[in-house]
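Engineer: need a structure here:
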Amino acid sequence: MFSIILLTPILLSLFSLITNKKRSYFVLKFSSFLYLLLSILIIYLYYIWYNNTFWIFFTNFNLNLNTYLNVNVIFILLISVLAFLIWWYSIYYFKKELDHKVIWYTRLKQYNIFINLFIFAMLFVASTNNILVMWIAIEATTIFTTFLISFYWTNTSWEAAWKYIILCSVGLTVGLFWIILLIIAGLTSLDITNINFENINILLTKLAFIFSIIWFWTKVWLFPMNSWLPDAHGKASTPVSAFMSSILLPLALYIIFKIKVIVDLMLGSNLFTNDILLTFWIVTLLYSWFILIQQKHFKRTLAYSSTENMWILVMSLWIWSPLALKLWLLHLIAHSFLKTSSFMSVWNVLLEQKTWQFHKISDLLKNQRITSIIMIISILMLVWVPISPLFISEIWLIFTLFIKNIYLSFIVIFSFILIFSWILINFSKLFEKKENTDTKFIDEKYKLNSIFTPILLTLVIGISSIASLLFIL
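Structural biologist: Purely as a prediction, here's the structure:
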């Protein structure tokens, strides 16, 4: 089963490599079809795995090691389904870029090679329980995404790619010390399915956890290791932005989840890890207050909104109860789909308006009606709207936080209102009537009809994940 899952992106990457660059667009379509088949296969296997039900995983999600390991299946399913949806969108997206002569077939061939290798690395991270192999696979995602960020071969895209690889490589180098320190501290096996430790050195174990947080804090994109993501998103293509924001960030957070399990078992308590997580997510929270209001670039605004969702997920790990972890998983899944649909819809604006700046676009609802409606729904689902699954998970997390620490709960509520207001204020600028703007009228009923199907499907899946609450609560 895992051989089929892992071999699919590798074979597609090799196929892209040996295929003539003129056939790159055909390879793009063929890859989308294969990821559809892979998604159907994994959904079927998931259905069989959990005794002919999709929801038993949520009902049996308890604080034990087997549950932690079974989360692998959820992430493999998430990666495969999102890979299909993003590839489907890529067919229309790159057709537009080729027609507008933004890229040539050489660049598309490069994309096909490295995006498949990137998907392979993410699937490998999700399927392994060996912490050293996990480290190698995460480092591989850094290498492959560097080539994808520099996709357009401009000076600014190369600058963003260098910034990304330097910061992430420094973080991952620090992460290697985590593994070394754990071994010195008493960990006798690198496979977390066979956790065994003797004569634990408490001080080294705590130090190892701090190194691990610095390691994956870089990938999760939380303060202060977060300066690479807005530039990377601003210069990368839409499919790459969608992959990084919807899959790579949650996957890195999932590894922190596993690391916390190992360290808590070694220390015999979760007090130390909780204190470290609390310190980092409060600092990130304060950072989010000030950075979003300053944004003038709507893709960078979406990138910075990931900070807010990531610290909500870290807060769930800090609460560390069966309900909080169920809501952590729900929030992570819903965020992945809703953030993907948001990136896709805002890029439809760029494809026609040729600008990312809020102040250069006027009366967008009139000029790009369908894109505007989809974008408004996607953005509202990402913020505090009652029908959103993210809203439900946030409300329950705040309720749980009230029981645990009432002062922190008031800080979180104030932060939600502030951050969500600033996101809405920024995006509302696109729909204001302004003078001296060159906003184009696009009759999307005829010109962009086909590109909306994967966006709408992604949005519907994200919203429908709220159905899992029936089995969580």
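Engineer: how many other residues sit next to residue 273?
Structural biologist: 25 (other Cβ atoms under 10 Å). From N, CA and C alone the C-beta is placed, and that goes for glycine too.
Engineer: now it, nearest residue through space, not along the chain?
Structural biologist: Distances taken as Cβ to Cβ, 6 or more residues apart in numbering put residue 260 closest to residue 273, at 5.0 Å, once the chain neighbours are dropped.
Engineer: give the contact list for the one you found.
Structural biologist: 209, 270, 273, 277, 317 (Cβ atoms under 8 Å, 6 or more residues apart in numbering).
Engineer: how close does it get to residue 202?
Structural biologist: Residue 260 sits 16 Å away from residue 202, going by Cβ to Cβ, to the nearest Å.
Engineer: what does residue 350 give?
Structural biologist: 52 Å.
Engineer: same deal with residue 96?
Structural biologist: Taken as Cβ to Cβ, the span from residue 96 to residue 202 is 57 Å.
Engineer: between these two, which one's more packed in?
Structural biologist: residue 96 (16 against 13).
Engineer: The more buried one contacts residue 351, correct?
Structural biologist: Yes: using Cβ atoms under 8 Å, residue 96 is in contact with residue 351, at 5.4 Å.
Engineer: thinking residue 13 is in contact with residue 117, fair?
Structural biologist: Yes: contact status for residue 13 versus residue 117: in contact at 5.1 Å, counting by Cβ under 8 Å.
Engineer: which regions of the stretch 301-450 of the chain sit below the pLDDT cut-off?
Structural biologist: Applying pLDDT under 70 to the stretch 301-450 of the chain flags residues 356, 384, 443-450.
Engineer: which stretches of it form helices?
Structural biologist: For the stretch 301-450 of the chain, helices defined by DSSP state H, counting those that start in this stretch occupy the ranges 322-353, 364-367, 369-382, 389-404, 406-428, 444-447.
Engineer: The stretch 151-300 of the chain now?
Structural biologist: Using DSSP H, counting those that start in this stretch, the helices found in the stretch 151-300 of the chain span residues 155-185, 202-220, 228-235, 238-243, 249-267, 271-291, 298-319.
Engineer: mind checking which of those is nearest residue 410?
Structural biologist: Proximity to residue 410 (Cβ to Cβ) singles out helix 271-291 among the helices of the stretch 151-300 of the chain, at 12.4 Å.
Engineer: residues contacting residue 17?
Structural biologist: residue 113.
Engineer: ok, 10 Å please
Structural biologist: Taking Cβ atoms under 10 Å, 6 or more residues apart in numbering as the criterion, residue 17 is in contact with 27, 109-110, 112-113, 116.
Engineer: Looking at those, which is nearest residue 435?
Structural biologist: Using Cβ to Cβ, these come closest to residue 435 at residue 110, 41.5 Å.
Engineer: If you count neighbours, what's buried in the host helix or strand of the closest one?
Structural biologist: In this structure, residue 110 sits in helix 105-127 according to DSSP states H and E. Buried residues in helix 105-127, counted by 16 or more other Cβ atoms under 10 Å: 107-127.
Engineer: still on that earlier bit, same list, the helices of the stretch 301-450 of the chain, but as a markdown table with distance to residue 103 please.
Structural biologist: Output for these, formatted as a markdown table (distance: least, Cβ to Cβ, whole Å):
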| stretch | distance to residue 103 |
| --- | --- |
| helix 322-353 | 13 |
| helix 364-367 | 25 |
| helix 369-382 | 21 |
| helix 389-404 | 34 |
| helix 406-428 | 28 |
| helix 444-447 | 20 |
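Engineer: which of the ones you listed sits most buried?
Structural biologist: Among the helices of the stretch 301-450 of the chain, helix 322-353 has the highest mean neighbour count (mean count of other Cβ atoms under 10 Å), at a mean of 24.
Engineer: what about the closest residue to residue 195 other than its chain neighbours, neighbour count?
Structural biologist: Of all residues not flanking residue 195 in the chain, residue 265 sits nearest, at 6.0 Å (Cβ to Cβ, 6+ apart). Residues within reach of residue 265, counting by other Cβ under 10 Å, total 16.
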